[in-house]
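K.L.:
structure of the sequence below:
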Amino acid sequence: VLAAVPGNCLCAGLSGALTGAAAVKGGVEEAGHARRLAEARAGGVVTSDEIYTHALLLATVPGDVRRSFAARLLSPLLDYDRRHQSDLVRTLGIYLDCAGSWNSCAEQLHVHVNTVRYRIRRVEELTGRDLSTMADRVDFFLALRDTGTSR
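P.N.:
From the prediction side, this is the model:
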């Protein structure tokens, strides 16, 4: 499925391989989802392999809703980082990328593991969230990915 986006961008969505006439309807639907994801990325080609991720779900949510979600969740951290020249948002992104491993996060940040523990505790205090729960980790993961502030 092809579409032109204002600003002369071309967006294409490709379905997986189809077998038989009965698969055409599903293939068209899959290609449409891929095209919408390409539009959300401001152009390009997206294949069916790429749509079965959180990126497709985010692409279906209006941009203002995604930005509001991210701002509400991350603004206490961004404000704190700005006021204290700290690194809470970056630490959080790396911590999540390391699947909650204190040691791996500390290695990537080149800090002591206790520094990571302190920063994550500050994240929890400032946001009222609990990073030992998957739901709160997912919320932060999505907020960081949508805003591009993860690293």
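K.L.:
can you pull out the strands in this structure?
P.N.:
With DSSP state E applied, the chain shows strands at 2-5, 9-14, 44-47, listed in chain order.
K.L.:
buried ones in stretch 128-148?
P.N.:
For stretch 128-148, burial by neighbour count (16 or more other Cβ atoms under 10 Å) applies to 129, 131, 136-137, 139-147. Where you see a C-beta, it was placed from the backbone N, CA and C, and this is true even at glycine.
K.L.:
list the contacts of it.
P.N.:
If you take Cβ atoms under 8 Å, 6 or more residues apart in numbering as the criterion, stretch 128-148 is touched by 54, 58, 66-67, 69-70, 73-74, 89, 92-93, 95-96, 100, 120, 123-124, 150.
K.L.:
drop anything exposed from those.
P.N.:
Looks like these have 58, 66, 69-70, 73-74, 89, 92-93, 95-96, 120, 123, 150 buried, using 16+ other Cβ under 10 Å.
K.L.:
chain center to the biggest helix by length in the chain: distance?
P.N.:
As assigned by DSSP state H, the longest helix anywhere in the chain is helix 63-84. Averaging C-alpha positions (Cα atoms, centre = their mean, to the nearest Å) puts helix 63-84 14 Å from its chain's average.
K.L.:
likewise for stretch 58-70?
P.N.:
Computed by Cα atoms, centre = their mean, the chain-centroid distance of stretch 58-70 equals 11 Å.
K.L.:
low-confidence ranges in this protein?
P.N.:
1-8, 41-43, 48-57, 59-60, 146-151 (pLDDT under 70).
K.L.:
about what we covered before: for H84, which of the strands of the chain is the nearest?
P.N.:
Closest to H84 of the strands of the chain, according to Cβ to Cβ: strand 44-47, at 38.6 Å.
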